[in-house]
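Enquirer: Mind looking at a prediction? Sequence and model below.
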Amino acid sequence: MSPLSATTYFPPLNILAHGLKVSNASINLTVTAYIIFQGLVPALFGNLANSLGRQPVFIIGFVIYISASVGLALQNYFAALMVLRCIQSAGTSSTVAISVSVAADVSTHAKRGKYMGFVTSGTAMGTAVGPVIGGILSHFLGWRSIFWFLAIVVGVYMVPLVLWFPETGRNVVGNGSVEAQRWNRPLYNIFMSLLKRNRITAASIQNTTLEATNTSPPLYKMIPNPLETLKLMIYKDVALILLHNATVYTASNTITASTPYLFSKIYHFDVLIINNRFLAPLLSGWLLDWNFHRVALKSGISIDDKRSQSMADFQIERARLIIALPMAVLGAAALLCYGWVLEIDRPLSAVLVLQFVIGLSVTGAFKVMNVVIVDYRKFFLQTSALPYPEDPATATAANNLMRCWSGGVANYLIIVMINAMERRWCFTFVSLVLLVSTSMLLVLLRYGPGWRKERTAKEEV
């Protein structure tokens with residue numbers, strides 16, 4: 001829902017600017033504000049999800065989102081558009097971090113690539129179909145229909161969410177053996193427990209109450225602290241991962257943000273098909289799990305796919321980053337070619353092929369780094385020096401903070417850069433930045449394991 005809400009908004013930007021009587025630059029500010037809030041709000045909601053649990057924070061976010069979407073469909077002023085887009089972003093942006101957290105809660109590191117692949121495929125789907133849906137709705141029903149559509153979709157989705165979605169937060173239900181408190185239970189479970197109440201003895205009621213009391217999170221942990229996100233950036237390896245991931249996301253975002261402008265200018269597409277591009281299927285999750293087992297076998301480590309293991313000497317960088325490295329290099333090369341093909345106005349088919357390659361490589365590298373961020377939080381279960389133990393939502397929120405803010409700046413500047421530098425040199429610059437950033441992966445491969453051991457030694461002292 002977060003990327004779908006962002007990308008359905010792209011096709012009618014010119015119509016919105018004309019209808020609200022503001023400039024295109026002003027309308028672009030609403031896009032930038034949305035992306036900035038995508039990075040800012042998860043720092044609050046992600047930390048709250050680790051205390052209260054995943055399910056209630058999902059519901060809170062979606063209620064905020066539906067209210068903002070209805071307001072957007074009814075508003076007539078630019079100021080209201082700006083404010084409500086920020087609120088809409090606040091409501092849905094946390095879903096990315098919490099969805100990743102759910103995948104981390106229920107998966108072992110040996111299968112995490114596959115689980116994360118399933119989860120992040122939703123992000124890719126929203127990015128891919130959003131412009132098409134937004135173009136069709138705005139063309140036939142007007143731009144207001146986009147926000148009605150988003151409100152209805154989330155309203156329908158909340159029905160199974162509220163009825164059946166189980167709580168997975170480790171601080172709330174442990175490994176699943178601890179009974180969740182009432183606000184963390186789906187309605188179906190609450191209803192079934194009420195039906196069985198008469199068959200529960202007084203002794204079992206007392207034991208259940210004591211268990212729930214003993215396993216409830218302390219009150220101070222239930223107060224969200226967004227500063228926990230910023231603390232992660234003091235670690236050298238974590239900071240390099242976050243910085244590289246932000247660069248990869250920004251490079252990908254330059255394509256999405258500039259496509260409406262370039263396709264309209266070069267190919268004279270109308271609002272219906274503008275920004276309609278192919279996105280390669282995500283293979284990174286399967287590659288990650290395959291390489292994880294390959295590195296473990298080579299290191300003489302036996303992997304249990306169904307249980308979490310403590311493997312303090314396992315080289316997680318070699319198991320993960322070796323997949324991201326060639327993807328990022330291929331993406332940089334494709335971005336370079338993309339700018340030069342656009343400059344000489346080559347056929348649309350050539351541009352779409354390059355967008356496909358960029359989607360496969362740059363997006364694939366981004367998804368790999370998302371898994372690495374979660375691994376750094378949960379991989380070394382017996383290591384007290386973990387930067388953020390048992391805290392996937394905060395770790396993912398830190399990733400969102402870096403990537404969304406850098407992506408928001410790029411979204412605002414990319415058209416200015418294209419006009420000032422020409423298409424070829426603009427995307428040449430983007431590809432070079434991505435290539436330089438990729439060198440951080442080499443640094444992590446070389447020094448990452450040593451930095452972790454150094455942290456462990458300091459903690460033990």
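Expert: Thanks, I have the structure now. Residues are numbered from 1 along each chain as shown.

Enquirer: Skip the chain neighbours and tell me the closest residue to the residue nearest the centre of the chain.
Expert: With distances taken as C-alpha atoms, centre = their mean, the residue of the chain nearest its centroid is residue 96 (4.3 Å). For residue 96, ignoring the flanking residues on the chain, the nearest one in space by C-beta to C-beta, 6 or more residues apart in numbering is residue 2 at 5.3 Å. For glycine as for every other residue, the C-beta is placed from the backbone atoms N, C-alpha and C.

Enquirer: isn't that neighbour right up against residue 130?
Expert: No: Residue 2 lies out of contact with residue 130 (C-beta atoms under 8 Å); the separation is 10.2 Å.

Enquirer: of the two, who's got more company?
Expert: Taking other C-beta atoms under 10 Å, residue 2 and residue 130 do not tie; residue 2 has more neighbours (27 against 23).

Enquirer: need the contact list for the more buried one.
Expert: For residue 2, the contacting residues are 38, 89, 92, 93, 95, 96, 123, 126, by C-beta atoms under 8 Å, 6 or more residues apart in numbering.

Enquirer: The last one touches residue 9, doesn't it?
Expert: If I follow you right, that is residue 126. No: with contact defined as C-beta under 8 Å, residue 126 does not reach residue 9; the gap is 11.8 Å.

Enquirer: Mind checking which of those two has more residues around it?
Expert: Neighbour totals were compared for residue 126 and residue 9, and residue 9 leads with 25 against 19 (other C-beta under 10 Å).

Enquirer: picking that back up, mean confidence score for the helix or strand where the residue nearest to the centre of the chain lies?
Expert: Secondary structure assigned from DSSP states H and E places residue 96 in helix 78-106. Helix 78-106 comes out with an average pLDDT of 87.

Enquirer: mind listing what's buried in stretch 77-87?
Expert: Under the neighbour-count criterion of 16 or more other C-beta atoms under 10 Å, stretch 77-87 has 78, 81, 82, 83, 84, 85, 86, 87 buried.

Enquirer: Now distance to residue 290 too, for those residues, in TSV please.
Expert: Formatted as TSV, the buried residues of stretch 77-87 follow (distance: C-beta to C-beta, whole Å):
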residue	distance to residue 290
78	50
81	46
82	46
83	47
84	45
85	41
86	41
87	42
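
Enquirer: where does the protein dip in pLDDT?
Expert: Where the chain drops to pLDDT under 70, the residues are 197-232, 269-285, 303-313, 345, 376-397, 408, 456-461.

Enquirer: What's the first helix or strand after the particular helix or strand that has residue 16 in it?
Expert: For residue 16, the element it lies in under DSSP H and E is helix 13-20. Sequence-wise, the next helix or strand downstream of helix 13-20 (DSSP H and E) is helix 24-40.

Enquirer: Contacts for that next one, please.
Expert: Identification of contacts with helix 24-40 by C-beta under 8 Å, 6+ apart yields 2, 5-6, 9-10, 13-14, 16-17, 20, 78, 81-82, 85-86, 88-90, 93, 96, 253, 257, 400-405, 407-409, 411-412, 415.

Enquirer: Now list the buried members of those.
Expert: Neighbour-count burial (16+ other C-beta under 10 Å) applied to the contacts of helix 24-40 gives 2, 5-6, 9-10, 13-14, 16-17, 20, 78, 81-82, 85-86, 88-90, 93, 96, 253, 257, 400-405, 407-408, 411-412, 415.

Enquirer: does residue 113 count as helix, strand or coil?
Expert: Secondary structure state of residue 113, per DSSP: H, G, I helix; E, B strand; the rest coil, is helix.

Enquirer: right, and it touches residue 371 too?
Expert: Yes: assessed by C-beta under 8 Å, residue 113 is found in contact with residue 371 at 5.6 Å.

Enquirer: So for the two, which sits in the more crowded spot?
Expert: Ranked by neighbour count (other C-beta under 10 Å), residue 113 and residue 371 place residue 371 first, with 30 against 25.

Enquirer: That one contacts residue 118, correct?
Expert: No: with contacts defined as C-beta under 8 Å, residue 371 does not count as touching residue 118, sitting 12.0 Å away.

Enquirer: the domain parsing of the protein - what is it?
Expert: The chain breaks down by automatic domain parsing into domains covering 2-172+219-460, 182-215.

Enquirer: re the thing from before, pull the contacting residues for the residue nearest to the centre of the chain.
Expert: Shown in contact with residue 96 (C-beta under 8 Å, 6+ apart): 2, 38, 42, 123, 396, 400.

Enquirer: Angles on the backbone of residue 23, please.
Expert: The phi/psi pair for residue 23 (degrees, to the nearest 10) reads phi -80, psi 160.

Enquirer: The nearest residue to it once chain neighbours are set aside and residue 9, how far apart?
Expert: Distances taken as C-beta to C-beta, 6+ apart place residue 17 nearest to residue 23, at 6.5 Å, with adjacent residues excluded. Between residue 17 and residue 9 the computed distance is 12 Å (C-beta to C-beta, to the nearest Å).

Enquirer: now do residue 318
Expert: Here the criterion is C-beta to C-beta. By it, residue 318 lies 40 Å from residue 9.
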